[in-house]
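for reference, the sequence and a predicted model appear below.
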Amino acid sequence: MLKRNIGCGEISDNNVGKNVIVNGWIHRKRDLGGLLFIDLRDRSGIVQVVVDPANVNKDQIDEIHSLKNESVIGILGEVKNRLEPNPNLPTGSFEIMMKAFEIFSRAEDLPFNQFSNQDVDETVRLRYRYLDLRRPEIRKIFELRSRITQSVRTFLLKKGFIEVETPILTKSTPEGARDFIVPSRINRGKFYALPQSPQLFKQILMVGGFEKYFQIARCFRDEDLRQDRQPEFTQIDIEMSFVEQEDILNLIEEMYKELFEEILGVYVETPFSRIQYIDAKKRFGSDKPDTRFGMEINDLTDQFIDSKIQVVKAGIENGKVALALFLPGGAALSRKEVDNLKEQMVNFELGGFIDFKIKNGEIVSSFSKYLSNNERAAILQIAKPDDLMLLFVVDRKNDIDKVGRARIFLGEQFNLIKRDVFNFLWVVDFPFFSYNQQEGRYEAEHHPFTMPKLEDLDKLETDKENVRAVAYDLVLNGNELGGGSIRIHNPELQKRVFRAIGLSDEDVEKKFNFLVKAFSFGAPPHGGIAFGLDRLVWIMNGGKGSLRDVIAFPKTTSGVCPLTDAPNEVSQKQLDEVGIRIKNG
Ligand code: ASP
């Protein structure tokens with residue numbers, strides 16, 4: 001075999017006048033009347049090979065001619081300086097005069113040219129994912145991903161963490177999504193669940209005395225796939241013993257500081273800002289606020305309680321709130337542009353808004369004649385010159401997130417978002433419970449092993465809405481990077497919490513008995529956190545394109561892997577072995 005002794009992209013002055021062997025893909029061929037030029041490509045780069053009839057016989061030339069692009073060959077030849085260097089190619093000053101070659105594999109006609117900007121359907125691209133992976137700009141994403149993973153790993157190992165793998169075939173875990181289930185052949189009628197996260201195992205590792213655990217863990221959640229969700233994803237999963245919230249937050253800040261410095265050369269200010277969940281919702285209409293721009297939500301309900309504007313007054317009387325966004329420079333928008341914005345609000349399921357322009361210290365609006373002096377003063381106190389005030393009359397609980405989404409939309413539409421900053425933000429003091437409308441019951445907002453705030457313990461049974469958890473999320477530029485909590489380590493409190501979320505003793509016995517039992521043999525105080533690695537890589541790669549771009553073999557939004565065609569049918573024999581019959585309809 002013509003085994004390579006140098007990479008295509010590594011050819012340099014040192015090789016001039018010497019023979020080299022290169023291996024790679026035929027990137028391009030050009031026939032310039034007698035001379036055949038081949039651009040040969042491997043991971044290190046591209047080099048030009050010259051096939052000259054003076055050195056090679058006709059049959060060989062014909063054979064090379066017959067090769068299609070992306071065929072894989074080996075070439076032996078002498079490196080020469082090029083008469084006309086190509087400044088666009090790192091090896092552009094050299095070429096290899098071919099003396100011998102070996103064909104390793106012939107490529108068929110390609111389904112699409114992965115190097116052109118051809119608009120190719122994503123499913124087709126994913127079916128031939130290996131072609132796209134050959135593109136250096138795609139491979140760079142995975143080099144970045146690999147460096148990120150290694151950096152995190154090195155940091156955590158340095159801090160005394162132990163990397164432990166936890167089972168993939170396991171029992172249902174409590175992240176609130178649907179489990180993927182796997183039938184057991186040996187234990188007919190029984191099923192494993194794929195882990196939604198290593199949550200239970202990492203807590204048990206704490207009971208096992210490991211004190212500091214981490215894992216780059218694969219998680220599986222059988223949810224309806226939204227645009228940017230994958231049924232399986234990777235988490236940086238962490239758990240620590242004998243710690244409080246502060247210790248975990250500090251460690252993570254240090255981790256991200258080092259990571260961003262090492263990988264992106266970006267200086268990250270610590271400590272990160274913090275906001276309480278309740279304020280994040282109020283001020284930004286989101287539990288993952290994008291703080292790269294202001295335009296916070298102002299609650300003007302008190303000021304507008306006696307409004308002469310009928311819809312406002314009636315709304316407030318019916319328990320709604322009057323929320324205002326002040327769009328900088330918006331006073332310059334035309335009537336038509338403002339109307340357009342109103343139409344856009346349908347996308348956020350917001351009925352619309354009342355608009356007020358702030359011009360030369362005056363409030364200009366078809367509604368301004370209805371404003372009282374107090375209302376006028378309230379607006380002018382917040383407004384900056386040339387703002388457009390958008391006043392929404394909405395339901396606080398159900399609509400605040402919609403106003404938050406409208407805020408982001410306006411931020412993007414009017415270029416208010418600083419693009420070159422990384423704003424890390426901790427959101428803390430999450431509510432302990434969330435109300436599940438469909439099932440008409442409260443469930444744990446994070447998961448049922450989360451510690452309620454001690455000062456809220458007496459409300460656990462009586463005032464669920466106001467119980468807060470020792471739970472935190474880390475947000476970066478409006479993206480949730482991850483979250484975690486301090487856990488309950490007292491079996492009695494754990495039982496009380498299970499009861500508070502409506503789990504009967506029987507349910508607990510069936511689902512989590514092993515955990516409760518483990519806790520009865522000495523459990524250290526502990527807590528942890530987990531980060532979505534895919535999203536982190538996506539952000540560090542510039543936040544462009546889709547999450548699928550940073551996953552080597554992603555699934556489509558319908559959960560299909562176009563490369564392998566999974567999921568697919570299995571044979572009758574396989575079904576029989578696990579005792580399953582497929583129901584039609
Ligand atoms: N297991 C949690 C999750 O996957 C994270 C944690 O609490 O550590 O979201």
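Received, thanks. None of the values given here were measured: they were computed from a predicted structure.

sketch out the low-pLDDT regions of the stretch 151-300 of the chain for me.
227 (pLDDT under 70).

near the ligand, which residues of it show up?
The stretch 151-300 of the chain comes close to the ligand at residues 175, 197, 199, as judged by Cβ under 6 Å from any ligand atom. C-beta: built from backbone N, CA, C; applies to glycine.

now stretch 90-99: buried residues?
Buried positions in stretch 90-99, judged by neighbour count with 16 or more other Cβ atoms under 10 Å: 90-91, 93-98.

inside helices: which ones of the residues of the stretch 151-300 of the chain next to the ligand?
In helices, defined here by DSSP state H, the members of these are Gln199.

that older thread, contacting the ligand as well, which ones from the buried residues of stretch 90-99?
With the criterion set as Cβ under 6 Å from any ligand atom, no member of these is near the ligand.

from the residues you listed, pick the one nearest Asn398.
Nearest to Asn398 among those: Pro90, at 57.5 Å, using Cβ to Cβ.

my read: the closest one touches Cys8, true?
No - contact criterion Cβ atoms under 8 Å: Pro90 and Cys8 do not qualify, at 10.0 Å.

find residues that contact each of these two.
Common contacts of Pro90 and Cys8 (Cβ atoms under 8 Å, 6 or more residues apart in numbering): Gly45.

helices of the stretch 401-550 of the chain, start to end?
Using DSSP state H, counting those that start in this stretch, the helices of the stretch 401-550 of the chain run over 491-500, 505-519, 533-540.

state which helix of the chain is the longest.
helix 136-158.

the following helix or strand past that helix pairs with which strands, parallel or anti?
Counting by DSSP states H and E, the next helix or strand C-terminal to helix 136-158 is strand 162-163. Taking DSSP bridges as the criterion, strand 162-163 forms sheet pairs with strand 212-220 (parallel).

next, the angle from the strand it pairs with to helix 533-540.
Orientation note: strand 212-220 sits at an angle of 90 degrees relative to helix 533-540 (axes from the mean of the first three to the mean of the last three Cα atoms, to 10 degrees).

next one: the helix or strand following strand 212-220 to chain centre, how far?
Later in the chain than strand 212-220, the nearest helix or strand by DSSP H and E is strand 232-241. Distance of strand 232-241 from the chain centroid (Cα atoms, centre = their mean, to the nearest Å) equals 14 Å.

kindly format the C-alpha coordinates of strand 232-241 as PDB.
Only the C-alpha atoms of strand 232-241 are listed here, as PDB (Å, rounded to 0.1, in the frame of the first residue of the first chain):
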ATOM      1  CA  GLU A 232     -30.900  12.200  23.100                       C
ATOM      2  CA  PHE A 233     -28.500  14.800  24.200                       C
ATOM      3  CA  THR A 234     -25.300  15.200  26.200                       C
ATOM      4  CA  GLN A 235     -25.100  16.700  29.700                       C
ATOM      5  CA  ILE A 236     -22.100  17.800  31.800                       C
ATOM      6  CA  ASP A 237     -23.400  16.200  35.000                       C
ATOM      7  CA  ILE A 238     -22.000  17.200  38.400                       C
ATOM      8  CA  GLU A 239     -22.800  16.300  42.000                       C
ATOM      9  CA  MET A 240     -21.000  17.200  45.200                       C
ATOM     10  CA  SER A 241     -21.300  16.400  48.900                       C
END
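
Asn250: how many residues sit nearby?
13 (other Cβ atoms under 10 Å).

mind putting the residues of the stretch 151-300 of the chain next to the ligand in a markdown table, distance to Asn477 included?
As requested, those are exported to a markdown table (distance: Cβ to Cβ, whole Å):
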| residue | distance to Asn477 |
| --- | --- |
| Glu175 | 24 |
| Ser197 | 24 |
| Gln199 | 27 |
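
including neighbour count, could the residues of the stretch 151-300 of the chain next to the ligand go into JSON lines?
What follows is those, written out as JSON lines (neighbours: other Cβ atoms under 10 Å):
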{"residue": "Glu175", "neighbour count": "16"}
{"residue": "Ser197", "neighbour count": "21"}
{"residue": "Gln199", "neighbour count": "24"}
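
contact partners for Phe94?
Going by Cβ under 8 Å, 6+ apart, Phe94 touches 11-12, 15-16, 47-48, 79-82.

what's the answer for Ile141, then?
537, 541, 549-550.

of all these, which comes closest to Gln276?
Set against Gln276, the nearest of those by Cβ to Cβ is Val537 (29.2 Å).

so who does that closest one touch?
Val537 makes contact with 141, 144-145, 148, 550, according to Cβ under 8 Å, 6+ apart.

for Lys511, same thing?
Contacts for Lys511 were tallied using Cβ under 8 Å, 6+ apart; they are 171-172, 174, 503.

can I have the buried ones of those as a PyMOL selection?
Buried subset of the contacts of Lys511, written as a PyMOL selection, criterion 16+ other Cβ under 10 Å:
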select buried, resi 172+174+503
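
so which of the helices of the stretch 401-550 of the chain gets nearest Asn423?
Among those, the nearest to Asn423 by Cβ to Cβ is helix 533-540 (11.3 Å).

which elements pack onto the longest strand anywhere in the chain?
When the chain is parsed with DSSP state E, its longest strand is strand 19-32. Identification of packing neighbours for strand 19-32 by 3 or more Cβ pairs under 8 Å, 6 or more residues apart in numbering; DSSP states H and E yields strand 35-42, strand 45-51, strand 72-81, strand 94-105.

grab the nearest non-local neighbour of Ile309.
Nearest residue to Ile309 in three dimensions, chain neighbours excluded: Tyr370, at 4.9 Å (Cβ to Cβ, 6 or more residues apart in numbering).

quick one, what contacts the one you found?
Contacts of Tyr370 (Cβ under 8 Å, 6+ apart): 307-309.

quick check: phi and psi at it.
The phi/psi pair for Tyr370 (degrees, to the nearest 10) reads phi -90, psi -10.

that one and Val311: what is the separation?
11 Å (Cβ to Cβ, to the nearest Å).

ok, now which ones touch the closest residue to the ligand within the stretch 51-200 of the chain?
Closest contact between the stretch 51-200 of the chain and the ligand, by Cβ to the nearest ligand atom, is at Ser197 (3.4 Å). Residues near Ser197 by Cβ under 8 Å, 6+ apart: 173, 175, 217, 219, 235, 237, 530.
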